[in-house]
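K.L.:
Sequence plus the predicted model coming up.
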Amino acid sequence: MRRALALLAALALPAAAQERRSGFEEMSRESQAMQRDDTANPGMLWVLEGEALWNRPDGASGRSCASCHGKAEVSMRGVAARYPAWDEASGAPIDLAGRIRQSRESRQGAPALARESEGLLALAAYVAHQSRGEPIRPPDDARLDSARARGRALYAERRGQLDLSCAQCHDDNAGRRLAGSVIPQGHPTGYPLYRLEWQSLGSLQRRLRGCMTGARAEPYAYGAAEYVEIELYLAQRAAGMAVETPAVRP
Amino acid sequence: MLLAAAFPAVAQEAAPLTAQPGDPARGRAIVADRQRGLCLLCHPAPMPEERFQGNLAPDLAGAGSRWTEGQLRLRLMDSRRLNPDSIMPSYHRSEGLHRVAPAFQGRTVLGAQEIEDVVAYLTTLREEPPR
């Protein structure tokens, strides 16, 4: 039975993978061109700032990220593609921004970078940029299973005064128009990304908060376990799709 | 008749919520308002001047000939009573919701008179959309 199921899953995957579309596909030609061209993509400004922070000594250790990790082009290649991952220290899943914060505080001895601060966005963009083009590969780690299942349940749960779930928009109505916007399938491939509406770079958690407030639901606090759980489920759902960081979105 | 037997819920109606009859002009303004009615986020409607109408729900054109006033009212008040999986929000229900943002807690999306206004507008939409 197990084998039969595994076989079925393997057979089902390619078709499903073909039907999945990044939000990139729903954008205007102009926005697509902006994302493709590094000299026009505003997200690259954060990537450059992140590179500077990567190489700058800071904190009690007097060391930089590069002092321990060397060239990010080598050591960070593919890393973002397998986050969120299991964190031994806290015994819980952690997302990429969470890992960067943790490394800075506990290893570099530098002051904490707040979620959604320019510095953390820049470092996360720089690290994730090293995975651009790499397929998303959720870790095959059974310790993540229960959190991923909770993420899936949160995704299916109706919330807010408008009583909407993520699945109702992104599974049942993707490709249709919600007022002027095409509803994307909701894949996490581009984060952190530059959103024209924000006129700034923003994290996946910021995007999730936006969708929750859109349903007139109370968002969770930045860094909440619920977001990491949803991120785990979204990464699973997008497995095999290419990382785009820094993407551009309307 | 056959339809009503197959989908008994569809035949259900709701009585007016207020003594004052709805005002179709005010109802039209509510439907067009993306912060109040939110209808155009999902529905197209016969309002050529309104750009960016959604297309994930039926065209409101012709709604007044497809449904009675009482059916329209019930649909608007609590669409989930007719179709538990509907994506359409219940406009006159404030219980049984989850994680409602503090600013909206205990409040319905539209008030009773607003519901009457929107119903009055919908009953005027007699012409089916062009195919």
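P.N.:
Sure thing, it's come through.
K.L.:
which residues touch stretch A:63-73?
P.N.:
A:51, A:53-58, A:61, A:75-76, A:103, A:107-108, A:123, A:126-127, A:130 (C-beta atoms under 8 Å, 6 or more residues apart in numbering or on different chains). C-beta: built from backbone N, CA, C; applies to glycine.
K.L.:
ok, 6 Å please
P.N.:
By C-beta atoms under 6 Å, 6 or more residues apart in numbering or on different chains, the surrounding residues in contact with stretch A:63-73 are A:54, A:55, A:56, A:57, A:75, A:130.
K.L.:
Ramachandran angles for the last one?
P.N.:
Think residue A:130. Dihedral pair for residue A:130: phi -70, psi -10, per degrees, to the nearest 10.
K.L.:
Surely it and residue A:78 touch.
P.N.:
No - here residue A:130 does not reach residue A:78: they are 7.8 Å apart, not a contact under C-beta atoms under 6 Å.
K.L.:
So for the two, which residue has more residues nearby?
P.N.:
Using other C-beta atoms under 10 Å in any protein chain shown as the criterion, residue A:130 and residue A:78 rank with residue A:130 on top: 21 against 13.
K.L.:
Residue A:156: what's it in contact with?
P.N.:
When contacts are counted by C-beta under 6 Å, 6+ apart, residue A:156 touches A:165, A:167.
K.L.:
Report the separation between it and residue A:208.
P.N.:
Taking C-beta to C-beta, to the nearest Å as the measure, residue A:156 falls 14 Å from residue A:208.
K.L.:
any idea where the strands of chain A begin and end?
P.N.:
For chain A, the strands defined by DSSP state E cover A:85-87, A:92-94, A:177-178, A:181-182, A:193-195, A:200-202, A:248-249.
K.L.:
packing partners for the last one?
P.N.:
Identification of packing neighbours for strand A:248-249 by 3 or more C-beta pairs under 6 Å, 6 or more residues apart in numbering or on different chains; DSSP states H and E yields helix A:29-36, strand A:193-195.
K.L.:
just these: most buried one?
P.N.:
strand A:193-195 (a mean of 24; mean count of other C-beta atoms under 10 Å in any protein chain shown).
K.L.:
Quick check: mean pLDDT of that one?
P.N.:
Strand A:193-195 shows a mean pLDDT of 98 in the predicted model.
K.L.:
partners of that strand in the sheet?
P.N.:
Strand A:193-195 pairs in its sheet with strand A:200-202 (antiparallel), strand A:248-249 (parallel), by DSSP bridges.
K.L.:
which residues make contact with it from outside it?
P.N.:
Strand A:193-195 has contacts (C-beta under 6 Å, 6+ apart) with A:42, A:43, A:201, A:202, A:246, A:247, A:248, A:249.
K.L.:
Looking at these, which is nearest residue A:188?
P.N.:
Lowest distance from residue A:188 to those (C-beta to C-beta) belongs to residue A:247, with 10.1 Å.
K.L.:
Compute the distance between residue A:235 and chain B, please.
P.N.:
Look at residue A:235 and chain B: by C-beta to the nearest C-beta, to the nearest Å, they are 23 Å apart.
K.L.:
shouldn't that residue be in contact with residue A:137?
P.N.:
No - assessed by C-beta under 6 Å, residue A:235 is found out of contact with residue A:137, at 8.8 Å.
K.L.:
Now tabulate the strands paired with strand A:193-195 in JSON lines and tack on mean neighbour count.
P.N.:
Formatted as JSON lines, these follow (neighbours: other C-beta atoms under 10 Å in any protein chain shown):
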{"stretch": "strand A:200-202", "mean neighbour count": "21"}
{"stretch": "strand A:248-249", "mean neighbour count": "23"}
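K.L.:
okay, those strands in a markdown table with mean pLDDT next?
P.N.:
Shown next, in a markdown table, are the strands paired with strand A:193-195 (pLDDT from 0 to 100):
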| stretch | mean pLDDT |
| --- | --- |
| strand A:200-202 | 98 |
| strand A:248-249 | 98 |
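K.L.:
Report the closest residue of chain B relative to chain A.
P.N.:
Chain A sits closest to residue B:52 of chain B, with a gap of 3.4 Å, by C-beta to the nearest C-beta.
K.L.:
Would you check how far apart that residue and residue A:177 are?
P.N.:
8 Å.
K.L.:
more crowded one of the two?
P.N.:
Ranked by neighbour count (other C-beta under 10 Å), residue B:52 and residue A:177 place residue A:177 first, with 17 against 12.
K.L.:
give me phi/psi at the residue of chain A found nearest chain B?
P.N.:
Distances between chain A and chain B by C-beta to the nearest C-beta are smallest at residue A:180, namely 3.4 Å. When read as degrees, to the nearest 10, the backbone of residue A:180 gives phi -90, psi -10.
K.L.:
Was I right to think it contacts residue B:52?
P.N.:
Yes - Residue A:180 is within contact range of residue B:52, at 3.4 Å (criterion: C-beta under 6 Å).
K.L.:
mind checking how far residue B:96 is from residue B:84?
P.N.:
Going from residue B:96 to residue B:84 by C-beta to C-beta gives 12 Å.
K.L.:
what's the answer for residue A:112, then?
P.N.:
Per C-beta to C-beta, residue A:112 is found 45 Å from residue B:84.
K.L.:
ditto for residue B:123
P.N.:
Distance from residue B:123 to residue B:84, by C-beta to C-beta: 26 Å.
K.L.:
out of these two, which sits in the busier spot?
P.N.:
Shown here are residue B:123 and residue B:84; by other C-beta under 10 Å, residue B:123 has more neighbours (19 against 8).
K.L.:
If we ignore the residues flanking it in sequence, what's nearest the more buried one?
P.N.:
Once flanking residues are discounted, residue B:123 sits nearest to residue B:64: 4.4 Å by C-beta to C-beta, 6 or more residues apart in numbering or on different chains.
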